[in-house]
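Novice: Got a sequence here, can you model it:
(chains A and B)
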Amino acid sequence: MSKKATKALELTGQYLGLIAFAIFTTFPFLWALSVALSEDPSNIWLFPRSFLPTDPGWAWFVRVFNEIQFMTYLKNSAWISLCTIIGTVLISVLAGYPLARLRFPGRGLIFVGIIATMMLPSEVAIIPNFVTLKHLGDWSTALLGFKLTGLNTYSGVYLPTVAGAFGIFLMKQAFEQIPQDLIDAARVDGAKELQILWRVMVPVSAPSIAALAIFTLVNAWNEFIWTGIVIQDKAMLPLSVGMFNDLTGPFAVSTSMVMAGIVLSVVPVLIFFALTQRYFISGLDGAVK
Amino acid sequence: MKNSSSYTAIAYLFLAPALILMGLFTFWPVGYNAYLAFNDYSIAEATATWNNFAHFKYLYGEELFHSALKNSLLFLLVVPVIQVSALLVAKLVNNKLPAMTFFRAAYYIPVITAISIAGVVWLNVYKYDGILTWFLQSLGLIDEQVNWLGEPKIAIYMVMIFTFWKGIGYYMVLYLAGLQSIPTEVEEAAILDGANAWQRFWKITVPMVKPTILLCTLLSTIAALKAFQEVVVLTRGQADTYTALYYVYAQAFTNFNFGRAAAAGLVVTFFCVLLAVLQFRFFGEKK
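Specialist: Predicted coordinates for the structure are as follows:
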């Protein structure tokens, strides 16, 4: 066999492998899309016919909007994610700066303590945090007359997650790469530490902050177990919990509608992913090393 | 110029929000969980009473907890499969051929989809007349329709396939980062020497991304031991699919036995920390 033929064969094999694997990772969504678009559901369990819509139309999507509080869930997801991102970025930036740039007693111990939490299964904290949150809610009602935080509040969803080892570590790494001259120059000009952090460190570390924000968004958007435990009010649920409850509960009887709901839930994620793709596929380089 | 003691005050002021929240929601739960594990907890009265290791004695003798632990260990089977596949896939998409961005995105979509939403689709894939049954029937491998999540012998493996599908893109990206640090000259030289793709993979790629392999193995081992969200979404523990953490979750929020759940959680924590320490040792020696 000539060299050219071997090369062509290798290339074909490579693409066949890639396509086969792409089918494996996407077939559930392709099927869901086709079922959701089929106004006539008679073929949805008939394979492979069901991968092409029968009687294509938007009817099932319209029904999802009419019968499920999709927009409410979407709004709640956006709000919870926004609060989580702001909290995580603020806390990680504030904590990362002294760990990277200031000398003070206890620095090594605090850093090791924070990193060590990565070993603990955070799921085990669900029960103690549930109890803590219940108490916080009772105390805030008794002291302030209203529920500042606690069960069935949004702050109860995001407060336990915003201070995490991953974010603090990421920001510490970013701040360590900034030249000391920049900080010294600012100090000579009489800048306070908070000003140095806000005017010098934060703008220079914008790519790392963006990466942290994006990863936090994906985690917050998809969070399912803890949110489902804290939020009891149906009108306060985000997409990941609300849609799951509806699609496996009252609407489970209609596969077409379930699939339309799935497609609608996945679309915002896909749009966001298309816009920020490079952060996922290459933005991790720094975090791994 | 400021002296160092004023830096100390500022440093702790900046660290305060992180330390307070982590103290309350990360460190306190470790201690409180250990405390609950030795007590009977009443949710209505919020009181705990010492019970002389009753939870641990119970767990020691209970079949369900044993099968949950066994399933969690069984879940470790995912680790080698997902690591080898992720490395192979990363190798395939790590080149300058057309459409690679598309393939990377296609493999990453399951990672960014909420596990609950993805789970609902897979419930339908695993239905007795769903895609999986059709696929295996058309390959001639099975004759009957199978309710994949209802058969005790196979349901846990179906959950593992879902975990594999959901997670492979994540490790692929980590391996991509590792692969991109290999100079292309090395591989080109091997091609000139007549090494085939198989030899190049085992003799060049694997040794050069060893640090990433170790990191990913550590991450996926811990993830496998902690698997339970997929159980919540797919089977709710039916058909012998309890995992250790699902047992914790079900005891706490279905049975409302916080003490017993905490005791089971303590056992899982012990295994996780033990495993992490072992693997860190392994890491240390390699460096």
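Novice: Please make it C-alpha for all contacts and neighbour counts, starting now.
Specialist: Noted.
Novice: in stretch A:104-113, what's buried?
Specialist: By 16 or more other Cα atoms under 10 Å in any protein chain shown, the buried positions in stretch A:104-113 come out as A:Phe104, A:Arg107, A:Phe111.
Novice: Just to be sure, the first one is in a helix?
Specialist: No: when the secondary structure is assigned by DSSP: H, G, I helix; E, B strand; the rest coil, A:Phe104 falls in coil instead of a helix.
Novice: Could you report the neighbour count for the closest residue to it other than its chain neighbours?
Specialist: Once flanking residues are discounted, A:Phe104 sits nearest to B:Thr8: 5.0 Å by Cα to Cα, 6 or more residues apart in numbering or on different chains. Look at B:Thr8: counted by other Cα atoms under 10 Å in any protein chain shown, it has 18 neighbours.
Novice: got it, and B:Val121?
Specialist: B:Val121: 20 neighbours (other Cα under 10 Å).
Novice: circling back: could you dump the buried residues of stretch A:104-113 to a markdown table with pLDDT?
Specialist: Shown next, in a markdown table, are the buried residues of stretch A:104-113 (pLDDT from 0 to 100):
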| residue | pLDDT |
| --- | --- |
| A:Phe104 | 89 |
| A:Arg107 | 91 |
| A:Phe111 | 92 |
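Novice: With distance to A:Ser38 as new columns, can those be given to me in TSV?
Specialist: Below are these laid out as TSV (distance: Cα to Cα, whole Å):
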residue	distance to A:Ser38
A:Phe104	65
A:Arg107	60
A:Phe111	55
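Novice: Show me which of these is closest to chain B.
Specialist: Nearest to chain B among those is A:Phe104, at 5.0 Å by Cα to the nearest Cα.
Novice: Please tell me I have it right and the closest one contacts B:Ile10.
Specialist: No: A:Phe104 lies out of contact with B:Ile10 (Cα atoms under 8 Å); the separation is 9.4 Å.
Novice: average pLDDT across stretch A:158-176?
Specialist: Mean pLDDT, stretch A:158-176: 91.
Novice: Help me see whether it makes contact with chain B, please.
Specialist: Yes: with Cα under 8 Å from any Cα of the partner chain as the criterion, chain B is reached by stretch A:158-176 at A:Leu159, A:Pro160, A:Ala163, A:Gly164.
Novice: Next one: B:Ala44 relative to chain A, how far apart?
Specialist: In this view, B:Ala44 and chain A are 11 Å apart by Cα to the nearest Cα, to the nearest Å.
Novice: Can you give me every residue that contacts that residue?
Specialist: Listed by Cα atoms under 8 Å, 6 or more residues apart in numbering or on different chains, B:Ala44 has no contact partners.
Novice: ok so it is a strand residue?
Specialist: No: judged by three-state DSSP, B:Ala44 forms no part of a strand; its state is coil.
Novice: The residue nearest the centre of chain A and chain B: what is the separation?
Specialist: Central residue of chain A (Cα atoms, centre = their mean): A:Val218, 1.7 Å from the mean position. Counting by Cα to the nearest Cα, the gap from A:Val218 to chain B is 6 Å.
Novice: what's the closest non-adjacent residue to that residue?
Specialist: Closest to A:Val218 by Cα to Cα, 6+ apart is B:Ile112, at 6.5 Å.
Novice: How many residues are close by that neighbour?
Specialist: So B:Ile112, with other Cα under 10 Å, has 22 neighbours.
Novice: any idea which helix is longest in chain A?
Specialist: For chain A, the helix with the greatest residue count under DSSP state H is helix A:3-37.
Novice: cool, chain B as well?
Specialist: With residue count as the measure and DSSP H as the assignment, chain B has helix B:258-286 as its longest helix.
Novice: returning to what we had before: give me the distance between the longest helix of chain A and the centre of its chain.
Specialist: Put simply, helix A:3-37 sits 28 Å off its chain's centre (Cα atoms, centre = their mean, to the nearest Å).
Novice: So for it, mean pLDDT?
Specialist: Mean pLDDT, computed over helix A:3-37, is 89.
Novice: Sounds good, over and out.
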